[in-house]
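Chemist: what's the 3D shape of this:
(chains A, B, C and D, ligands or ions: 10)
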Amino acid sequence: LLGLGLAMAGRYNLGTPITPEQVDPYDVRPAVLPDGRGLPPGQGTVEEGGRVYAERCASCHGANGEGYPFNRLVAEPFPITPETESTQFAIGNYWQYPTTLFDYIRRAMPYGNAGSLSADEVYAVVAWLLYQNGVVDGAQPMNAQTLPKVEMPARALLQLDPETHKRFPWLKLP
Amino acid sequence: LLGLGLAMAGRYNLGTPITPEQVDPYDVRPAVLPDGRGLPPGQGTVEEGGRVYAERCASCHGANGEGYPFNRLVAEPFPITPETESTQFAIGNYWQYPTTLFDYIRRAMPYGNAGSLSADEVYAVVAWLLYQNGVVDGAQPMNAQTLPKVEMPARALLQLDPETHKRFPWLKLP
Amino acid sequence: RFFKLLGGGILLSPLLRARAQQGLWDAKTLEPLKALGTPLSEYGERASFEAEVVRYISPNLRTRTSGADFAPLEKLNGVITPNGLHFERHHGGVPQVDPQAYRLVIHGMVGQPLMFTLEDLKRFPSTTRTYFIECAGNGQNGYRNPPDPNLTATRSRGLASNVSWTGVPLALLLKEAGIKPEARWLIPEGMDAVAYTRSLPLDKAMEDVLVAYAQNGEALRPEQGYPVRLVVPGWEGSIQVKWLRRILVTDLPTMSKDETSEYTDVMADGKVFAFTWIMDPESIITYPSGLQQIKPGFHEIRGLAWSGYGRITKVQISFDEGKTWREAALEAPVERRAFVRFKLPWNWDGKEVVLWSRAWDEAGHTQPTRGEFFQKWGRNNRYHYNAIQAWRIAADGRVSNGDRPLSGLAQGPSGGCGGEVFDV
Amino acid sequence: RFFKLLGGGILLSPLLRARAQQGLWDAKTLEPLKALGTPLSEYGERASFEAEVVRYISPNLRTRTSGADFAPLEKLNGVITPNGLHFERHHGGVPQVDPQAYRLVIHGMVGQPLMFTLEDLKRFPSTTRTYFIECAGNGQNGYRNPPDPNLTATRSRGLASNVSWTGVPLALLLKEAGIKPEARWLIPEGMDAVAYTRSLPLDKAMEDVLVAYAQNGEALRPEQGYPVRLVVPGWEGSIQVKWLRRILVTDLPTMSKDETSEYTDVMADGKVFAFTWIMDPESIITYPSGLQQIKPGFHEIRGLAWSGYGRITKVQISFDEGKTWREAALEAPVERRAFVRFKLPWNWDGKEVVLWSRAWDEAGHTQPTRGEFFQKWGRNNRYHYNAIQAWRIAADGRVSNGDRPLSGLAQGPSGGCGGEVFDV
Ligand code: HEC
Ligand code: HEC
Ligand SMILES: [Ca+2]
Ligand SMILES: [Ca+2]
Ligand SMILES: [Ca+2]
Ligand SMILES: [Ca+2]
Ligand SMILES: [Ca+2]
Ligand SMILES: [Ca+2]
Ligand SMILES: [Co+2]
Ligand SMILES: [Co+2]
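Modeler: Ligands and ions are numbered 1, 2, ... in the order given. I've put the predicted structure just below:
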């Protein structure tokens, strides 16, 4: 019924079986997949995002995301070239998946205080960052439906490493 | 001229060549061999040894070498048997070479203050310990000539480990 | 006082005394014989005289909770990296995890989600194997142009270490939970402040990935993931998730924070490569190496080599920038995906010379020259640098970076903070 | 506070909260995710939670400067003994030796006496090899009768450790000095307070003895002879002179303080054996072992085996006190004169059982039972005990010493101080 794996289950009889519901409160920062799985309910606009950014992010990433003392977050919305200085790599020119942005911020930001933003706040600052990077026009709020559909300019550059392709012929990039 | 070894000498040209005279001050506690090589000039009697012992040794090995808090030094002059309690093993019943006694004391005693006895004092306390263990009658002082000739009762028990004999057929116990 | 050192009764002639002080040795040489040493101790520490053997932390870092430090390769011997000197790389500092409170959850596309305590994990069949772990950013200083004249072996290749790991094969845990047929990927997650995640194909997990709890015999060190981490043999370090708390079994990679915004490679033709997992062959001469100084005469050239593709089969040394090569000896046991120590006896005649080393692995791969490397990889890439490292020995014996400048424009260190901590 | 741990915005239902606290995990489990961890550090230390993993020091010792402590075998993994937990044995405390002032002198029956600095030694061709070092007194608790019910694997066989040693082959140094034809023996001397010496046949030195300066990659630890010691593969630990300062090349053994007054063996027939150098095969089950407690179900029986005669070829486990045997798996690489990890998967049915292990080496030697051992060795001997160690698992899972009392008289611990430090 459940395939090969289950035939082997219980072989050592070690570990505690738990239900998916029991996992939920443990899964404090769910992984977001490129198709949007893992994104929570809620949403946020560019405008709200600007406020969140100024209050919670600007001290580390600069008033406009230009990046001091920590990473630059804003770049032109043209993908990088072999001439781009690597310190200039940022969301607009290098990031390949919009969902990564939500996942990154919920998982890790504000640095040292991750988990302190609500889902709406994360969506909002994601919207603001995508807008600042020229990736979206800011017309629609970001949420579990809209975010995965955003097209990142650098996605066009992305290919699977050829050695990895040899080793895992089934593997396709999302 | 000097054999095989010398043919190879200087192969790597590392290390500083020194003369035997330069080694002397470095050789602060020369190894004593069973034939007496390594023993210094000087000598000592049982009587002198008793005074040295009382002053420098008794606090650790007991007034008469009975051993508290540290090792027992005096035993009956009969070699041990498989029934002797191992805490009773001592000079008279277990030690196999008289030269070891001089070497041990010059090298390591008084514990934590080795090197503080003169050669005469070491010979004297060796004489006293051999006498207390009933190994010598105390008639002659101990020195580089007399000490190596003392016969230790346990020497008769000593044999080369058979595996060692197999591995090094040339090896004979002194 | 010097007299006393020479001990009891034996009076030293002034001549002997003079000799002893004429540079053969001094009073300190004999001092340890004078008094009892330190007593038995429950846990040993290294000698105070070794205090300068430490990991290199770049002075340019803007934070020490997201960054890396380097194993001091040229100060180490053999192939085992001591636990206190294993390179570090983390993105939210080193969490201090209570092993009693520790849990590992496997969930998602499994027949039965499971939770394991540390004790549970230790009860499974165990495996101990020696594997290198290398940061994908190792060699980053090689992207500089002109090359850094003050480079050391540590700063050239010290984001790699080699350890005897003990753990349970991840395959056993996955089978215990039962994998659903549609599953293709694992998303392991750490319990550091940034809940670090990566995407790992199920196939690799079933092959040789370890859920490790010990390192060179003792519990993992906090910096290496205490109490539990992944060991993913031969693959880039950043996928070997530390402080492992959770594995989501699923059908898509997550394209996680660091695997896309950071460990994604820029190629010379402008493409960007995802999932460059296997670490290419690598070698570094640790002696003589940058900032050391040698004298004419005999030297054993020593170095380390490794490859994510498997066993190192050969290491070659060149004294003429690649025109001719001599083969170094590899010290047994030569294990797969582990450091191997190579050695070549050599007499230095005191003339300026440049040393190169290059490793070959059982898959037939070898290291490129700098020129060859940059035909493939972007000059602005930050990872997977494995070009041959050259050391120049000047006539005065001083050793420095022997890499030649690249043609084309001058280029600052790749990545921020002096190129020694990636992108912050 | 627990709510906050679960982080930002997501409000927990009381139900979830209850579940989280129902024993699956507690607030501590999630705590590391809350805040940045500790920063990069120059030299790593182990987790504070591991503080109880320490060497065993007998409370009966009258001094801690002449005695021994034990590696905590049942708390270690794989085969490498971490440097901080290598067993100790010394006779005058651990000297603190300044490596700048350090000198090694080779003199006596040589063509040219030589003095080496530490730097000189490191310039010679080097060898790195993994070897066990075992104290001749290891197993001393086995001489007790009746057996100690509270014995642990540590106290049974923890005077042994296994390390990757790096050094220069002693043969190279001797050849450099040039050995005279009449030479047969070396008298190596330490620079501890008792200037410890032993007699070592030249033949062995020319074969495989190392003058070692590194241990598991880093400098020797003070307790293991910093900066330089002898490593004499397969032979009793007491001959592997630490803090090596001098080697006298000569034609007679010295019959030194400890080789005669101490490491000289009493046999059952009343003879006394000199120079019992090669360590007999040995094995110890570390899990399950004394004072542990196990639950019914799956267990991997784990242990260590080694032999001074060479490679371990086989380790057998018996569940019926030697009537039948099962063969354990040996984990690769199986090196000569080094620890090997053995394992056997096992389901414990909850019934009382006694486990035995016995190792076989490539010379065909194996371990005796207790009965066999005492047919050869004296009951009052103190060294070279290598009889099979039995562990009894009671129905409640508690593990204790499963050795049977010897026939004949009751006998206190052999040696003073509870039998755990030889003869003081
Ligand atoms: C206290 C300092 C601090 C604050 C406040 C902070 N960040 Fe960061 N941020 C960092 C650091 C440090 C990094 C780099 C982390 C790493 O590389 O491991 C980072 C990285 C990032 C990155 C990835 C950049 C890249 O291209 O690699 C994003 C996106 C980001 N932060 C967004 C935010 C947002 C949004 C906020 C506010 C909600 C925020 N940060 C608040 C310090 C901070
Ligand atoms: C401060 C304590 C102390 C003093 C003082 C001392 N000893 Fe000792 N002695 C010891 C200890 C401890 C040992 C055991 C050393 C070991 O086993 O490593 C020992 C061992 C010995 C032994 C070897 C015993 C055996 O059978 O193994 C002899 C012989 C000896 N001492 C003689 C002397 C003499 C002679 C003196 C005085 C000149 C002396 N000791 C002073 C503490 C002391
Ligand atoms: Ca590399
Ligand atoms: Ca980063
Ligand atoms: Ca970045
Ligand atoms: Ca033994
Ligand atoms: Ca002793
Ligand atoms: Ca004794
Ligand atoms: Co990569
Ligand atoms: Co012996």
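Chemist: So the one residue sitting closest to the centre of chain A, which state does it fall into?
Modeler: Most central residue of chain A, judged by C-alpha distance to the mean C-alpha position with Cα atoms, centre = their mean, is residue A:100 at 1.7 Å. At residue A:100, secondary structure determined by DSSP: H, G, I helix; E, B strand; the rest coil is helix.
Chemist: which residue ranges form the strands in the stretch 1-150 of chain C?
Modeler: In the stretch 1-150 of chain C, strands defined by DSSP state E, counting those that start in this stretch lie at C:67-69, C:88-90, C:104-108, C:114-116, C:127-134, listed in chain order.
Chemist: I'd like those written out as TSV, with mean neighbour count, mean pLDDT and distance to residue B:159 added.
Modeler: Where C-beta positions appear, they are placed from N, C-alpha and C, glycine not excepted. TSV is the format used below for the strands of the stretch 1-150 of chain C (neighbours: other Cβ atoms under 10 Å in any protein chain shown; pLDDT from 0 to 100; distance: least, Cβ to Cβ, whole Å):
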stretch	mean neighbour count	mean pLDDT	distance to residue B:159
strand C:67-69	26	94	58
strand C:88-90	26	96	57
strand C:104-108	24	98	59
strand C:114-116	22	98	57
strand C:127-134	24	98	42
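Chemist: can you tell which of these is closest to ligand 2?
Modeler: With Cβ to the nearest ligand atom as the criterion, ligand 2 lies closest to strand C:127-134 of the strands of the stretch 1-150 of chain C, at 36.1 Å.
Chemist: Say whether chain A is contacted by the closest one.
Modeler: No - between strand C:127-134 and chain A, judged by Cβ under 8 Å from any Cβ of the partner chain, nothing touches; the nearest distance is 14.5 Å.
Chemist: List the contacts of that strand.
Modeler: C:79-80, C:86, C:159-169, C:210, C:214, C:231, C:233-234, C:236-237, C:240, C:279, C:282, C:306, C:308, C:335, C:337-339, D:77-79, D:331, D:341 (Cβ atoms under 8 Å, 6 or more residues apart in numbering or on different chains).
Chemist: again, only this time at 7 Å
Modeler: Taking Cβ atoms under 7 Å, 6 or more residues apart in numbering or on different chains as the criterion, the residues outside strand C:127-134 that touch it are C:159-167, C:169, C:210, C:231, C:233, C:236-237, C:240, C:279, C:306, C:335, C:337-339, D:77-79, D:331, D:341.
Chemist: Serialize the strands of the stretch 1-150 of chain C to CSV and add fields for distance to ligand 1.
Modeler: Rendered in CSV, the data for the strands of the stretch 1-150 of chain C read as follows (distance: least, Cβ to the nearest ligand atom, whole Å):
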stretch, distance to ligand 1
strand C:67-69, 8
strand C:88-90, 8
strand C:104-108, 23
strand C:114-116, 28
strand C:127-134, 18
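Chemist: need the contact list for residue 52.
Modeler: Looking at chain A here, since you left the chain open. Contacts of residue A:52 by Cβ under 7 Å, 6+ apart are A:121, A:124, A:125.
Chemist: From those residues, list the buried ones, please.
Modeler: Taking 16 or more other Cβ atoms under 10 Å in any protein chain shown as the criterion, what is buried in the contacts of residue A:52 is A:121, A:124, A:125.
Chemist: could those go into CSV alongside pLDDT and distance to ligand 7?
Modeler: Supplementary listing: the buried ones among the contacts of residue A:52 in CSV, determined by pLDDT from 0 to 100; distance: Cβ to the ion, whole Å:
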residue, pLDDT, distance to ligand 7
A:121, 98, 72
A:124, 98, 76
A:125, 98, 72
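Chemist: and the angle from the helix or strand hosting residue C:342 to strand C:127-134?
Modeler: Using DSSP states H and E, residue C:342 sits in strand C:340-348. Between the axes of strand C:340-348 and strand C:127-134, defined by axes from the mean of the first three to the mean of the last three Cα atoms, to 10 degrees, the angle is 50 degrees.
Chemist: Tell me the gap between whatever helix or strand comes next after strand C:340-348 and the middle of its chain.
Modeler: Following strand C:340-348 in sequence order, the next helix or strand is strand C:353-361 (DSSP H and E). Its chain's C-alpha centre lies 18 Å from the corresponding centre of strand C:353-361 when counted by Cα atoms, centre = their mean, to the nearest Å.
Chemist: Tell me who's in contact with residue C:324.
Modeler: Neighbours of residue C:324 in contact, by Cβ under 7 Å, 6+ apart: residue C:318.
Chemist: coming back round to it: give the partner strands of the strand holding residue C:342 in its sheet and their orientations.
Modeler: If you go by DSSP bridges, strand C:340-348 pairs up with strand C:297-306 (antiparallel), strand C:329-330 (antiparallel).
Chemist: and the last one, average pLDDT?
Modeler: Average pLDDT, strand C:329-330: 98.
Chemist: and what of stretch C:144-163?
Modeler: If you average the pLDDT over stretch C:144-163, you get 96.
Chemist: Show me which residues of it are buried.
Modeler: Neighbour count says stretch C:144-163 has C:144-145, C:147-148, C:151-163 buried, by 16+ other Cβ under 10 Å.
Chemist: Where helices are concerned, which of those residues count?
Modeler: Using DSSP state H, the subset of these located in helices is C:153, C:154, C:155, C:156, C:157.
Chemist: Name the residues that touch the strand holding residue C:342?
Modeler: With Cβ under 7 Å, 6+ apart as the test, strand C:340-348 has contacts from C:78-79, C:294, C:296-306, C:312, C:315, C:317, C:326, C:328-331, C:334, D:125, D:128.
Chemist: Now a ChimeraX select for only the buried ones of the residues you listed.
Modeler: Listed next is the ChimeraX selection for buried residues among those, using 16+ other Cβ under 10 Å:
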select /C:78,79,294,298,299,300,301,302,303,304,305,306,312,315,317,328,330,331,334 /D:125,128
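Chemist: Tell me where the chain has helices.
Modeler: Since you didn't name a chain, this refers to chain A. Taking DSSP H as the criterion, chain A contains helices spanning A:4-8, A:20-23, A:46-56, A:58-61, A:91-94, A:98-108, A:119-132, A:162-167.
Chemist: oops, I was thinking of chain C
Modeler: Under DSSP H, chain C gives helices at C:2-5, C:14-19, C:27-30, C:118-123, C:153-157, C:170-177, C:202-207, C:257-261, C:370-376.
Chemist: so which of these is the most packed in?
Modeler: Comparing the helices of chain C on average neighbours per residue, with mean count of other Cβ atoms under 10 Å in any protein chain shown, the densest one is helix C:153-157 at a mean of 27.
Chemist: what's in contact with that one?
Modeler: Counting by Cβ under 7 Å, 6+ apart, residues outside helix C:153-157 touching it are C:56, C:70, C:72-74, C:138-139, C:141, C:282, C:284, C:286, C:289-290, C:389.
Chemist: repeat that with 6 Å
Modeler: Contact partners of helix C:153-157, identified using Cβ atoms under 6 Å, 6 or more residues apart in numbering or on different chains, comprise C:56, C:70, C:72, C:73, C:74, C:138, C:141, C:284, C:286, C:289, C:389.
Chemist: next one: it to chain centre, how far?
Modeler: The gap between where helix C:153-157 is centred and where its chain is centred comes out at 9 Å by Cα atoms, centre = their mean.
Chemist: And stretch C:269-285, what's buried?
Modeler: With burial defined by 16+ other Cβ under 10 Å, the residues of stretch C:269-285 counted as buried are C:272-285.
Chemist: which among those gets closest to chain B?
Modeler: Lowest distance from chain B to these (Cβ to the nearest Cβ) belongs to residue C:285, with 19.9 Å.
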